[in-house]
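Chemist: got a sequence here, can you build the structure:
(one chain, ligands or ions: 1)
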Amino acid sequence: MAAAPFRIVIVGGGTAGWMCAAGLVRLLALTDYDLTLIESDAIGTVGVGEATLPHIKNFNDMLGIDEAQFLRDTRGTFKLGIEFVGWDRPGEAYVHPFGTFGEPWASVDFQHHWARAMLAGEAVGSLQEYSFAVAAAKAGAFELPNEDPKSIRSTYAYAYHFDATLYAHFLRGWATARGVKRIEGQVIDITRDPASGHVSTLRLESGAEIGGDLFVDCSGFRALLVGGTMGVGWHDWSEWLPCDRALAVPCASAAELTPFTRSTARRGGWQWRIPLQHRIGNGHVFSSAFCSEQEASDTLLANLDGPALGEPRLLRFQAGRRARAWEGNVVAIGLSSGFLEPLESTSIFLIQAAVVDLANLMPARGGGVDARLAAEFNRLFEVHCDRTRDFLVLHYAANRRHGEPLWDHVRNMTLPDSLAHKIALFRESAAAPDYKLGLFSRDSWLAVLEGQGVLPRSYNRLAERIPMAELVEKLAELRDYIRLNAVAMGSHAEFIAGYCDAGASGAGAMVAA
Ligand SMILES: Cc1cc2nc3c(=O)[nH]c(=O)nc-3n(C[C@H](O)[C@H](O)[C@H](O)COP(=O)(O)OP(=O)(O)OC[C@H]3O[C@@H](n4cnc5c(N)ncnc54)[C@H](O)[C@@H]3O)c2cc1C
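Modeler: Predicted coordinates:
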């Protein structure tokens, strides 16, 4: 007799729960797996998370979602990167683009050529001037990347800003239409097998009992199974990321529809601005050790583009991650597995990566949950989280906002060894991390290192194969070429009007494709 399907039970119906359900139902054969999701309307979701990274497009493409329809229904806009205002020091700004800086010349990475000319005192400007995505973002321009890899207009990727609640609703419709069973109800008790310690049954308020072979904990900050039941410890990263609160409030749109997220450094933290088609999402992330709730609220409300659409909502958190995301037969995905402040919009990517890793490591029908699968999942989880942490900490550590207590504190803190190494390497040689695993590419590291005022003292000597005069000319040509192409591109607002305008039809019209 054939073994019964392997039962996967997802607890939680926020962005993590529904991305997990949709991803698994797409990647696994439902003849072998049985997928159930439990969510509680009474508890609700965290209700934030509107800015993303380019990887989300791959996830949506994998599901076969029509992009224009998706953007119409989530009132979405395009994102070419993040503008950091005042992070190095007040009055200065830079963009972390989703694109490359120049291209390798004579088989040597671009930044070495730039560093060489810059160190020789040539007027070659900032690295920023060699990114087409930066130029387009500054021009408020957008179009889909050119498919010809030789075109400068192919040298960027893009992400979205969208209404996260509408996205989760959409995924719910999509996943349930494909066989995921949804149960509305609150989990009030969890039973473990005394021999293995594995979770065996969840009891709901209604009295219903739900058995499973593998349980995915998407219960958000509550971490019902991974923390509550399995007691997996927490690596606290607040010594490096001291912000522990956020106040979030949407406001009416007033100004231009910028194709980027803006993050503005404030005395006690920083403020985000995420433009959607019908409103702007705003929030002030702050450290309660350095800034009162009143000050954070006043700063937030004094710096909105239009009238606030409601009262600011307070969220509390602690930066860190679970010691292990997969323990026994429980896998934590989303906020239950860890939290890093939304400075680089990384949470939804970390959910996506975990869903794909879980699908790749899913036990076979009839098989058990092998500890080696868990060990590999945890290895990938750690790499993703730890490298993302380093990237976020870099924004704080390398600042020149002297005389402001929070910024003085983070400038003087002892860094994780891995980050201290990356900064030193760049300073000494202009080399930047380029690894297969880990979210941020070399270009991302370059953008933030230079943007935060970390400059190289040297460069790869192989760059000297190009004569200096020729190099300076090539750099000038590239700068002009980028500038001319960016201004020739249409505006972001025009692109949206022609491609995915949500019009006055109202949000919430999303239906499963
Ligand atoms: C201030 C802030 C800003 C953010 N901004 C961004 C951003 O710009 N970009 C980004 O990528 N991410 C961002 N994030 C993170 C992002 O919001 C989350 O990663 C994402 O929403 C996933 O949340 P979740 O599904 O894990 O948890 P939640 O949304 O909290 O969902 C938890 C689910 O579990 C259910 N549940 C809980 N307990 C029970 C129970 N006992 N029984 C049954 N069901 C239960 C709830 O009903 C809910 O359905 C931000 C987070 C914060 C705090």
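Chemist: so the closest residue to Leu27 other than its chain neighbours versus the ligand, what's the distance?
Modeler: For Leu27, ignoring the flanking residues on the chain, the nearest one in space by CB to CB, 6 or more residues apart in numbering is Ala359 at 4.1 Å. (C-beta placed from N, C-alpha, C; glycine too.) Distance check for Ala359 against the ligand: by CB to the nearest ligand atom, to the nearest Å, it reads 18 Å.
Chemist: over to Pro416?
Modeler: For Pro416 relative to the ligand (CB to the nearest ligand atom), the value is 22 Å.
Chemist: and Ile38, by the same measure?
Modeler: Taking CB to the nearest ligand atom as the measure, Ile38 and the ligand are separated by 5 Å.
Chemist: quick one: average pLDDT of the helix or strand hosting Ala424?
Modeler: Secondary structure here is read from DSSP states H and E; on that basis Ala424 sits in helix 417-429. If you average the pLDDT over helix 417-429, you get 95.
Chemist: in it, what's buried?
Modeler: Of the residues in helix 417-429, those buried under the neighbour-count criterion (16 or more other CB atoms under 10 Å) are 419, 422-423, 426, 429.
Chemist: for the residue nearest the centre of the chain, give me its contacts.
Modeler: Centroid check for the chain by CA atoms, centre = their mean gives Thr346 as the closest residue, at 1.9 Å. Taking CB atoms under 8 Å, 6 or more residues apart in numbering as the contact definition, Thr346 lies against 53, 340, 388, 392, 439.
Chemist: A strand includes Phe391, no?
Modeler: No. Secondary structure of Phe391 (DSSP: H, G, I helix; E, B strand; the rest coil): helix, not part of a strand.
Chemist: ok, now how distant is the closest residue to it other than its chain neighbours from the ligand?
Modeler: Nearest in space to Phe391, with sequence neighbours left out and distances taken as CB to CB, 6+ apart, is Phe440 at 5.0 Å. From Phe440 across to the ligand, the span is 14 Å (CB to the nearest ligand atom).
Chemist: in three-state terms, label Phe440 for me.
Modeler: Remark: Phe440 carries the secondary structure label coil [criterion: three-state DSSP].
Chemist: that one - how many residues pack around it?
Modeler: Per other CB atoms under 10 Å, the neighbour tally for Phe440 reads 23.
Chemist: which residues are in contact with it?
Modeler: Residues touching Phe440, when contacts are defined by CB under 8 Å, 6+ apart, comprise 344, 387-388, 391.
Chemist: all helices for the chain, in order.
Modeler: Listed from the start of the chain, the chain has helices (DSSP state H) covering 15-27, 55-63, 67-73, 110-119, 132-139, 164-176, 293-302, 347-361, 371-397, 405-412, 417-429, 442-451, 468-487, 492-499.
Chemist: dump those to JSON lines, plus distance to Arg321.
Modeler: Converted to JSON lines, these look like this (distance: least, CB to CB, whole Å):
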{"stretch": "helix 15-27", "distance to Arg321": "14"}
{"stretch": "helix 55-63", "distance to Arg321": "19"}
{"stretch": "helix 67-73", "distance to Arg321": "30"}
{"stretch": "helix 110-119", "distance to Arg321": "30"}
{"stretch": "helix 132-139", "distance to Arg321": "30"}
{"stretch": "helix 164-176", "distance to Arg321": "21"}
{"stretch": "helix 293-302", "distance to Arg321": "25"}
{"stretch": "helix 347-361", "distance to Arg321": "9"}
{"stretch": "helix 371-397", "distance to Arg321": "5"}
{"stretch": "helix 405-412", "distance to Arg321": "19"}
{"stretch": "helix 417-429", "distance to Arg321": "14"}
{"stretch": "helix 442-451", "distance to Arg321": "20"}
{"stretch": "helix 468-487", "distance to Arg321": "38"}
{"stretch": "helix 492-499", "distance to Arg321": "35"}
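Chemist: what's the closest of the ones you listed to Ala319?
Modeler: Counting by CB to CB, Ala319 lies closest to helix 371-397 out of the helices of the chain; the figure is 7.7 Å.
Chemist: now for the lowest-mean-pLDDT helix or strand in the chain, which elements pack on it?
Modeler: The helix or strand with the lowest mean pLDDT-type score in the chain, counting by mean pLDDT, DSSP states H and E, is helix 164-176 (a mean of 91). Helix 164-176 is packed against helix 15-27, helix 67-73, with contacts defined by 3 or more CB pairs under 8 Å, 6 or more residues apart in numbering; DSSP states H and E.
Chemist: if you compare the ones you listed, which one is most tucked away?
Modeler: Scoring the helices and strands packed on helix 164-176 by mean neighbour count under mean count of other CB atoms under 10 Å gives helix 15-27 as the most buried, with a mean of 26.
Chemist: counting by contacts, list what it packs against.
Modeler: strand 6-11, strand 33-39, helix 55-63, helix 164-176, helix 347-361.
Chemist: would you turn the ones you listed into a markdown table with distance to Phe290 and mean neighbour count?
Modeler: Converted to a markdown table, the helices and strands packed on helix 15-27 look like this (distance: least, CB to CB, whole Å; neighbours: other CB atoms under 10 Å):
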| stretch | distance to Phe290 | mean neighbour count |
| --- | --- | --- |
| strand 6-11 | 35 | 24 |
| strand 33-39 | 36 | 23 |
| helix 55-63 | 32 | 17 |
| helix 164-176 | 28 | 22 |
| helix 347-361 | 23 | 22 |
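Chemist: may I ask you to confirm that Phe221 is in contact with Ile43?
Modeler: No. Judged on CB atoms under 8 Å, Phe221 makes no contact with Ile43 at a distance of 10.8 Å.
Chemist: so what's His395 up against?
Modeler: The contact partners of His395, by CB under 8 Å, 6+ apart, come to 84, 87, 343, 448, 452.
Chemist: sorry, back to before: between the contacts of Thr346, which sits nearest the ligand?
Modeler: Of all the contacts of Thr346, the one with the least separation from the ligand (CB to the nearest ligand atom) is Leu53, at 7.5 Å.
Chemist: ok, that closest one - how many residues close by?
Modeler: If you count neighbours by other CB under 10 Å, Leu53 ends up with 24.
Chemist: ok, it touching Ile351?
Modeler: No. Using CB under 8 Å, Leu53 is not in contact with Ile351; the gap is 11.2 Å.
Chemist: the ligand versus Val448, what's the distance?
Modeler: Val448 sits 17 Å away from the ligand when distances are taken as CB to the nearest ligand atom.
Chemist: go on, Val331?
Modeler: Val331 sits at a distance of 13 Å from the ligand (criterion: CB to the nearest ligand atom).
Chemist: identify the bridge partners of the residue nearest to that residue when sequence neighbours are not counted.
Modeler: Of all residues not flanking Val331 in the chain, Val216 sits nearest, at 5.1 Å (CB to CB, 6+ apart). Legend: beta-bridge partners of Val216 under DSSP bridges are Ile10, Val331.
Chemist: what residues are up against Val216?
Modeler: Residues counted as contacts of Val216 (CB under 8 Å, 6+ apart) are 8-11, 17, 20, 330-333, 358.
Chemist: what residues are shared contacts of Leu53 and Ile351?
Modeler: With contacts defined as CB under 8 Å, 6+ apart, no residue is adjacent to both Leu53 and Ile351.
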